[in-house]
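Asks: Quick one, what's the 3D model for this:
(2 chains)
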Amino acid sequence: MEQTTTDHDTGGIGRRQLLSAVGGSAVAAALAGCSTLLSDGETADQGGQSGGEISDEPIQAGLLTFTRGAPGVLGIQAQRGAELAVQRINEAGGIGGQREIELDVVNEGSNPLDSYNQFIEEGKEVTFGPISSGTHSQIAPEIEKNEIINVSTDGTVTTLYEETVPDPTYSFRFQNYDIMEVVTMAREAVERIGADNISTVAGVNPGYSFGEDEMRVFTQAIQQLTDAEIVYEGFPELGASDMSNHITSINNEEPDVTFSSLWGGDVTTFVRQANANNMFENTTVFGTTLYSAAGDVPGDALAGTDIYSGSRNYYWGLPALGNWQPGRELFDAATQQEGVTVPTAHYMSGYGAVTAWATATEKAIDLLGTYPSQEQIAQVLEGHGFFTPAGYHNIAEDHQGASNSFAGQMVYDDDLGAARLDDVNTYAATETAPPPGVTGSDWLDSWSA
Amino acid sequence: MAVTPTAALVQTLNGIQFGFILFMIASGLTVILGILDVLNLAHGELFSLGAYTAIGVFGFIIGIVGPPGGGVVGTAVFVLAVLAAVLVTAAILLPVGTLFEAVFLRQIYDRDQVYQLVLTFALLLILLDVKKVIWGDSSIRTDAVYSAINTIPTSELVGLNYPTYNVFVILVGSVVVVGLFWFFERTKTGRIIRATAIDREMATAIGVSTDRVFTLVFALGAFLAGFAGAMAVPPTSATLEMGTNPLVLSFVVIVIGGLGSLRGAFVGALLVGVIRSWMITLYPPGEIAAPFAIMALILLVKPEGLFGTWGETA
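Replies: Model prediction:
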């Protein structure tokens, strides 16, 4: 007898209700992490409603990400997330129940524009990535010119849709962008310490446009929330081996809050050297991307520290894995993949970018009854809502993804063999992002009005 | 920004510590340049190779002796084990340097310098790929040294908050400086090397094998780069790109001190270290520009560098 899914199996939700809730197709259910709730043992025919004109030709997709070197700490997470999403789509029968995805991964490296153009020359139907803000600013105008949809995994520079491509059609960004993660940490600092207790702020941020952008936004946000004075701003080079001068300056100033957007291996270097200099006796660190080093930073370096980190649009431990089966399955699948100690927000950036495009394409197939054009998929992506195991996400009409963001105290977990976040706070996108059409700077200025 | 006297002292110590690491790298570069007349673009990769190799060597040797035990003896054993690991790492680089000189560089000494630049750049790329093949794309680090040495009280004894590992670097760096000057000034081999640098033809005429001297000098340069890599890696990680910045800063150091001058490299390294440190303290955006500004200033005032080239003295 063929096994069927019952209301009991799905926790009281019927198959039709579940499908409807996650977006109407088995692909959407699989990407939301609900496939086990739907599973009847046959996956090949569970894709979205296929129109008669949909071929079974695989979809050629490209992912531009850092696959090596220092930025590989972030890029490999995004790659693994995208690969898992593609695997789940293909296991669910492919897009429209017919078209599996073949994902071509290329290192962002030193000539990312060439790599992107290569994707287009090869006839990719969709591209994902990049990680770097600089790369994103370079390729976004090309994306519009080529009229092939790109859903970026990161490249979170605030000015992308404000100045670089102010009226995009084919360029979308899944990940919460700079202003969202910075405002999250400004709110987190006030939440943890109290506005009245923050009178001095220092910053140690990467010495390039991302770090400078983050410090600028943090300064604006924290000064709207408190009467804080900025007492020190340091910008060590990416991959700096010695941060002791910045740490000594912080010890000299003893600021209430130290803001940092260091990421990857730089976090480990900073935390180890800061701990050796007893910096955490003099300040509390709030960082946007410190948790990107979760699998790298050693336990002894985190002992006795006072660090709060954001985790963009995903934190694997919330909801608790014991209570959230989709989260548990994603975590287990991710930690089986090469190079993933724990999945971080960059993992979700890859997973979510693919999911955004796939679920929008399925929705378009549902509406049209045939395979949609680039323009039609782009239209559906505007204002598109969808689920991943991290929860509900929305791509707003300004093409910017909006998701809950997370922040908590960064501690080392011996059982996990990696850092985790304790006492995690969640911030809604409405608290951290300007409404569509309003620039980040204007939005922050409006707080005092 | 008001800087307290304690912070001023710590920033100066930070600069001196950074300067000693720079000196350990730049000394090898300047010795090779001064004697072989070769600008070794692969020197940063030799430094990086030392860092990668050291992680394995630290793991092996400290795995044998264990973490610092209680009491003076246990601490001394641990420190000696760390020093032994650094020396073993540097020794591993000796045959690498020997191979590079004997197999590659020796063939092109009589050619235009541009060939040497291209060759050492090729060696740089080969070393980069070798590291990728052996250790992979991701950064690696050792957890066995930095925290353990920092548990040994040193600066706390005089009421200062300064990591013991940095004190260790300064002390070891001082010994390296003294040792190098002693080697070149007081030993027969050192004098032969200097004689070869001053007048290659005359040295050959009195029976010195310049081939041997050149191989020895290049191997010594690799030894120093490996030594520096092993000393530099415990507080940070070994990454594929880690050889680039030290190479550039080492060029700055030897230009400031005088191309080929060991004395100049020492003064230049400390100058760059301390001024960079104070620039970060007083005007952080000037961190990267500061060493180059000093170099430009020195070149304007004294184009041959502070101590000229290799010659009668090291």
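Asks: helix/strand/coil for whichever residue of the stretch 51-200 of chain A sits closest to chain B?
Replies: Going by C-beta to the nearest C-beta, chain B is nearest to A:Arg68 of the stretch 51-200 of chain A, at 3.3 Å. Where you see a C-beta, it was placed from the backbone N, CA and C, and this is true even at glycine. Secondary structure assignment for A:Arg68 (DSSP: H, G, I helix; E, B strand; the rest coil): coil.
Asks: Pretty sure it sits against A:Val106.
Replies: No. At 11.6 Å, A:Arg68 does not count as touching A:Val106 under the criterion of C-beta atoms under 8 Å.
Asks: what's the helix or strand for the residue nearest to A:Pro319 when sequence neighbours are not counted?
Replies: Nearest residue to A:Pro319 in three dimensions, chain neighbours excluded: A:Gly327, at 6.2 Å (C-beta to C-beta, 6 or more residues apart in numbering or on different chains). In this structure, A:Gly327 sits in helix A:325-336 according to DSSP states H and E.
Asks: What lies in contact with that helix?
Replies: Helix A:325-336 has contacts (C-beta atoms under 8 Å, 6 or more residues apart in numbering or on different chains) with A:32-34, A:36-37, A:80-81, A:84, A:316, A:319, A:321-322, A:340-343, A:347, A:351, A:389-390.
Asks: contacting residues for residue 150?
Replies: Answering for chain A, as no chain was given. Applying C-beta under 8 Å, 6+ apart to A:Asn150 gives the contacts A:Val126, A:Thr127, A:Phe128, A:Gly129, A:Ile139, A:Ala140, A:Ile143, A:Tyr170, A:Ser171, A:Phe172.
Asks: nope, chain B please
Replies: Contact partners of B:Asn150, counting by C-beta under 8 Å, 6+ apart, are A:Ala276, B:Pro163, B:Thr164, B:Tyr165.
Asks: and B:Trp135, how many residues sit next to it?
Replies: When counting by other C-beta atoms under 10 Å in any protein chain shown, one arrives at 18 neighbours for B:Trp135.
Asks: you'd agree it is up against B:Tyr52?
Replies: Yes. Under the criterion of C-beta under 8 Å, B:Trp135 makes contact with B:Tyr52 at 5.4 Å.
Asks: Need the overlap of contacts for those two.
Replies: Common neighbours of B:Trp135 and B:Tyr52 (C-beta under 8 Å, 6+ apart) are B:Ala238.
Asks: about what we covered before: so which of the contacts of A:Asn150 belong to strands?
Replies: A:Val126, A:Thr127, A:Phe128, A:Ser171, A:Phe172 (DSSP state E).
Asks: Between the residues you listed, identify the one with the most neighbours.
Replies: Counting neighbours by other C-beta under 10 Å, A:Phe128 leads the ones in strands among the contacts of A:Asn150 with 32 neighbours.
Asks: Show me where the stretch 201-314 of chain B has its strands.
Replies: With DSSP state E, counting those that start in this stretch as the definition, the stretch 201-314 of chain B shows no strands.
Asks: Show me which residues of it are close to chain A?
Replies: B:232, B:235-237, B:239-242, B:245, B:276-277, B:280-281, B:284-285, B:287-288 (C-beta under 8 Å from any C-beta of the partner chain).
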